[in-house]
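Student: Have a look at this fold, sequence not included:
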């Protein structure tokens, strides 16, 4: 693995400048400049996107959800492609949307319709024969399963009904556990990875470090501690929701540099979290440019891993 940038500051120097004395304050940016964008000829992969349709007769919403909660009211693949294609994104990982609860029908239909474009991460009922359901969905192209704690305490959520079966099946069939959680849940993930070292794990959205505007060193330490588990990857995603929450998002640079030191580029992947990245004044180009152009400590090889190769290995190969 390369350790020096071909464009400017070394990663170590960048970390020293950006992370020194961070404590509970937001990390400072530094050593960042815009570079020429050189899209990967093999295409880029967005590792985290939600799609949904306004056709709720054909694809009913789950219990407790109404059309009024669908914002924007529609985000179909065709709408998504208007953002992805101009940025050289040719493949996308669909994440089952909460609107549909455990009914993955719309996601699966879009995967069938666009067979060369989409992979999928499903949501299942952990109390209803989870292993059987995982195998059925894997046959339809699903490569991961989304898990989130809800209101369960951090020391309890991975002990809930069905979790052992799900993690065992993930190890046997190379199906990723895609974890949406806050930083306080990281120690429990560490414990679960010790129990199931062969299970692929993907941490969504920096483990939400920085959602409150503060990137705290103890939280980042806990996330980086997961790097000792060889099958854990991290999504550098949802830039619109992290840190200063303002383009060009370069205040996230020191956190990405720290993760790069811990995990290496082969276990980091970029994702937009659209449609949320393309509303409320944010846009798709700024999200991908953070990795493609803005962080000069990333080498061309690093960018290939973050923008394609890691997600390719986990969700498509």
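Tutor: Yep, it's here. Quick caveat, the model's predicted, so the values are computed rather than measured. Numbering: from 1, shown residues only.

Student: State the distance from the residue lying farthest from the centre of the chain to residue 97.
Tutor: Of all residues in the chain, residue 57 sits farthest from the chain's C-alpha centroid, using C-alpha atoms, centre = their mean; the distance is 30.1 Å. Applying C-beta to C-beta, to the nearest Å, the value for residue 57 to residue 97 is 17 Å. Backbone N, C-alpha and C define where each C-beta goes, glycine included.

Student: How many residues are close by residue 154?
Tutor: Using other C-beta atoms under 10 Å, residue 154 has 16 neighbouring residues.

Student: low-scoring stretches of this protein, by residue?
Tutor: 1-39 (pLDDT under 70).

Student: tell me the helices in it, going along the chain?
Tutor: Ranges of helices within the chain are 11-19, 77-84, 105-113, 130-138, 163-173, 186-195, 217-225, 253-263, 284-289, 300-304, 310-315, based on DSSP state H.

Student: Make JSON lines from the ones you listed and add distance to residue 269 and mean neighbour count to it.
Tutor: As requested, these are exported to JSON lines (distance: least, C-beta to C-beta, whole Å; neighbours: other C-beta atoms under 10 Å):
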{"stretch": "helix 11-19", "distance to residue 269": "18", "mean neighbour count": "19"}
{"stretch": "helix 77-84", "distance to residue 269": "15", "mean neighbour count": "17"}
{"stretch": "helix 105-113", "distance to residue 269": "19", "mean neighbour count": "17"}
{"stretch": "helix 130-138", "distance to residue 269": "20", "mean neighbour count": "18"}
{"stretch": "helix 163-173", "distance to residue 269": "17", "mean neighbour count": "17"}
{"stretch": "helix 186-195", "distance to residue 269": "17", "mean neighbour count": "18"}
{"stretch": "helix 217-225", "distance to residue 269": "15", "mean neighbour count": "18"}
{"stretch": "helix 253-263", "distance to residue 269": "10", "mean neighbour count": "24"}
{"stretch": "helix 284-289", "distance to residue 269": "12", "mean neighbour count": "22"}
{"stretch": "helix 300-304", "distance to residue 269": "11", "mean neighbour count": "18"}
{"stretch": "helix 310-315", "distance to residue 269": "4", "mean neighbour count": "23"}
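
Student: show me what contacts the spatially closest residue to residue 210 that is not a sequence neighbour?
Tutor: The shortest distance from residue 210 to any non-neighbouring residue, by C-beta to C-beta, 6 or more residues apart in numbering, is to residue 242 (4.0 Å). By C-beta atoms under 8 Å, 6 or more residues apart in numbering, the contact list for residue 242 reads 205, 206, 208, 209, 210, 211, 215, 249, 252.
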